[in-house]
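Chemist: Would you be able to build a 3D model of this:
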Amino acid sequence: MKTDEHAERFTHLRPLLFTIAYEILGSATEADDVLQDGYLRWAQVDLATVRDTKSYLAQLVTREALNALRARSRRREVYVGPWLPEPLLLDRAADDVVLAESVSMAMLVLLETLTPDERAVFVLREVFAFDYDEIAGAVGKSTTAVRQMAHRAREHVQARRRRFGPVDEARAADITQRFMDAADSGDMDALMALLAPDATWIADSGGKATAARRPIVGAKKIATVLIRFFEILRTMPDVTLRMANCNNAPAMVVHRGDVLEGVFLIEIGDQQITNFYAMRNPDKLAGVLQPRAITR
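Modeler: Numbers count the residues shown, from 1 in each chain. As a prediction, this is how the structure comes out:
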């Protein structure tokens with residue numbers, strides 16, 4: 001039976017549980033569903049049997065997230081165009097370097113290349129520092145198997161992650177502002193100077209909105225796309241563009257009237273813009289405007 005103590009313990013850990021579910025799933029909407037289902041299960045637990053609430057709830061939420069991830073993997077087989085994680089609007093920038101990287105769009109895209117179990121193990125171990133016995137209970141594997149899985153996942157991620165150091169907030173803000181000025185004015189040379197030579201534009205529409213169906217690679221190609229994009233925005237009635245923090249990166253949020261048309265994340269590395277992640281799929285935009293608190 002649900003008690004006030006059930007609710008109090010769950011509410012206290014909710015930001016942590018949400019962060020775990022989001023990093024396993026790459027979807028705030030699905031993470032919310034996982035937490036809702038997880039709470040219903042938690043409400044039936046005899047608290048006298050719970051020795052460590054954080055560990056217990058983390059394991060419970062991980063199991064729910066893995067079930068959702070496996071079900072979604074089957075749906076992905078018929079997805080139209082590139083698939084991107086759902087953008088996460090943060091209530092404030094993450095000061096924790098590990099947490100900031102773990103929710104970055106680049107890391108979430110990289111985690112998509114792991115198996116569901118490897119992804120859960122990597123997140124619980126590398127980001128949240130749970131011990132191997134706790135992780136084994138969450139994924140239903142032996143401790144030995146979890147250690148091996150953690151090693152494989154860690155090597156996989158380290159071999160593929162970008163090697164750029166963190167860009168300080170003031171520098172990122174300066175690059176973003178100069179980018180916005182150059183794109184809005186149509187200054188091709190200024191844009192080219194701000195883009196890494198191998199910069200990439202990836203758009204996720206799910207076949208439900210206008211967007212490039214394949215990644216666009218190269219500074220000149222992307223600069224051309226951006227100038228055209230801003231030209232189109234200026235001709236459309238009732239269009240507003242504002243900046244926000246999504247996944248600990250600057251993001252352009254575009255509305256047409258009351259309709260959210262897209263979220264465009266700007267990834268900065270090595271003092272230049274390296275990636276744009278364009279979310280146009282309306283199904284993945286539904287929950288973007290709700291600011292989230294994350295922690296570890």
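
Chemist: Tell me which residues touch the closest residue to V103 other than its chain neighbours, please.
Modeler: Take V103 and drop its neighbours on the chain: the residue closest to it by C-beta to C-beta, 6 or more residues apart in numbering is N247, 5.3 Å away. Bear in mind the C-beta positions are built from the backbone N, C-alpha and C, glycine included. Shown in contact with N247 (C-beta atoms under 8 Å, 6 or more residues apart in numbering): 87-88, 90, 103-105, 108, 265.

Chemist: In PyMOL, how would I select just the buried ones from those?
Modeler: Buried members of those, identified by 16 or more other C-beta atoms under 10 Å, are gathered into one PyMOL selection as follows:
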select buried, resi 87+88+90+103+104+105+108+265
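
Chemist: Closest one to S55 out of the contacts of N247, please.
Modeler: Relative to S55, the closest of the contacts of N247 is V103; by C-beta to C-beta it sits at 21.8 Å.

Chemist: I'd guessed the closest one sits against C246; true?
Modeler: No. With contact defined as C-beta atoms under 8 Å, V103 does not count as touching C246 (9.5 Å).

Chemist: burial of V259, as a residue count?
Modeler: V259 is flanked by 10 other residues according to other C-beta atoms under 10 Å.

Chemist: ignore the last one, N281
Modeler: Residue crowding around N281 was assessed by other C-beta under 10 Å; the count is 23.

Chemist: residue contacts, it?
Modeler: Contacts of N281 by C-beta under 8 Å, 6+ apart are 204-206, 208-209.

Chemist: tell me, how many neighbours does the spatially closest residue to it that is not a sequence neighbour end up with?
Modeler: Closest residue in space to N281, ignoring its immediate chain neighbours: G206 at 3.9 Å, by C-beta to C-beta, 6+ apart. G206: 18 surrounding residues under other C-beta under 10 Å.

Chemist: Please apply the same query to the one 4 residues further on.
Modeler: Residue neighbour count, defined by other C-beta under 10 Å, stands at 9 for T210.

Chemist: got a list of what it touches?
Modeler: By C-beta under 8 Å, 6+ apart, the residues touching T210 are R280.

Chemist: From D117, how far out is it?
Modeler: Distance of T210 to D117, given as C-beta to C-beta, to the nearest Å: 37 Å.

Chemist: What of F276?
Modeler: From F276 across to D117, the span is 31 Å (C-beta to C-beta).

Chemist: Repeat that for A190.
Modeler: A190 sits 46 Å away from D117 when distances are taken as C-beta to C-beta.

Chemist: Show me which positions of the host helix or strand of G137 end up buried.
Modeler: For G137, the element it lies in under DSSP states H and E is helix 132-139. Residues of helix 132-139 classed as buried: 132, 134-139 (neighbour count, 16+ other C-beta under 10 Å).
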